[in-house]
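S.K.: Take this sequence and fold it.
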Amino acid sequence: MAIKIFIVDDHYMVIEGIHSLLQNEKNIEWMGHATNAASCLAFLQQQKPDVILMDINLPDKSGIDLCKEVKDKYPAIAVLGLSTFNQQSFIEKMIASGASGYVLKNATQEELMEGIETVVKGKQFLSFDAALALRKTDTQNNMPVITRREKEVLELIADGMTNNEIAQKLFISSTTVDTHRKNLLAKFEAKNIAALIKVAVQMHMIE
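M.R.: Below is the predicted model of the structure:
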């Protein structure tokens with residue numbers, strides 16, 4: 001199955017550049033692009049890509065806010081942050097908003113493909129320069145970065161709630177809860193819920 005890719009960026013040169021990098025990749029299906037947040041959200045009402053390459057600076061809304069909105073509405077879509085900035089704060093905010101990874105616009109074709117293939121499997125990916133920026137001040141090695149919503153779901157799972165009970169409490173569908181549950185298992189590299197809770201407690205992410 002080809003990986004469906006959509007890009008949100010307000011610079012046509014960036015869009016064309018990434019398109020030319022990916023157009024000969026056999027396992028990539030190019031779904032198109034949006035140049036602002038509004039047209040991205042309108043597109044997602046009609047079609048669902050597997051991965052969105054999302055610029056942080058958009059004319060009508062920050063990519064960080066757009067990422068959060070997309071992940072709240074469509075948690076199964078992986079978002080790969082795309083930026084010229086490698087400041088730690090930008091990377092952390094994008095990940096906290098639900099992005100599965102962060103790639104700088106100077107990334108190579110191989111790095112971009114690796115990022116796409118990694119996040120589509122539910123894992124996190126940081127391009128070399130982005131990882132370097134985080135590592136400089138990273139004091140919590142190996143600790144997974146989870147979103148606010150994932151933290152809520154994690155705490156309710158630890159309380160012994162079922163998918164349906166969590167869905168009712170958070171006013172989301174049980175399918176969405178299941179997606180969050182799978183993402184948590186992937187991020188914590190846990191084989192089952194018992195292992196997930198054990199690791200989360202050890203990392204002091206839940207009590």
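S.K.: Identify the residue spatially nearest to K93, adjacent ones excluded.
M.R.: Spatial nearest neighbour of K93, chain neighbours left out: I64 (4.9 Å); criterion: C-beta to C-beta, 6 or more residues apart in numbering. The way it works is simple: take the backbone N, C-alpha and C, and place the C-beta from them, glycine included.
S.K.: what helix or strand is the one you found on?
M.R.: Using DSSP states H and E, I64 falls within helix 63-73.
S.K.: Describe which strands the helix or strand just after that helix pairs with in its sheet and in which direction.
M.R.: Under the assignment DSSP H and E, the closest C-terminal helix or strand after helix 63-73 is strand 78-83. Sheet pairing for strand 78-83, assigned by DSSP bridges, gives strand 51-55 (parallel), strand 101-104 (parallel).
S.K.: got a pLDDT number for T139?
M.R.: pLDDT for T139: 45.
S.K.: which other residues reach the lowest-mean-pLDDT helix or strand in the chain?
M.R.: Here the helix or strand of the chain ranked lowest by mean pLDDT, DSSP states H and E is helix 128-135, holding a mean of 76. Applying C-beta atoms under 8 Å, 6 or more residues apart in numbering, the set of residues contacting helix 128-135 from outside is 86-88, 91-92, 102-104, 106-107, 111, 126.
S.K.: The residues you listed in helices, which ones?
M.R.: Judged by DSSP state H, helices contain the following of the contacts of helix 128-135: 88, 91-92, 111.
S.K.: what's the lengthiest helix in the chain in contact with?
M.R.: Across the chain, the helix with the greatest residue count (assigned by DSSP H) is helix 174-187. The contact list for helix 174-187, computed with C-beta under 8 Å, 6+ apart, reads 75-76, 121-124, 144-146, 149-150, 153-154, 157, 163-164, 166-167, 170, 190-193, 196.
S.K.: And the residue lying farthest from the centre of the chain, how close does it get to E207?
M.R.: Ranked by distance from the centre of the chain (C-alpha atoms, centre = their mean), the top residue is G160, with 26.4 Å. According to C-beta to C-beta, to the nearest Å, G160 and E207 sit 14 Å apart.
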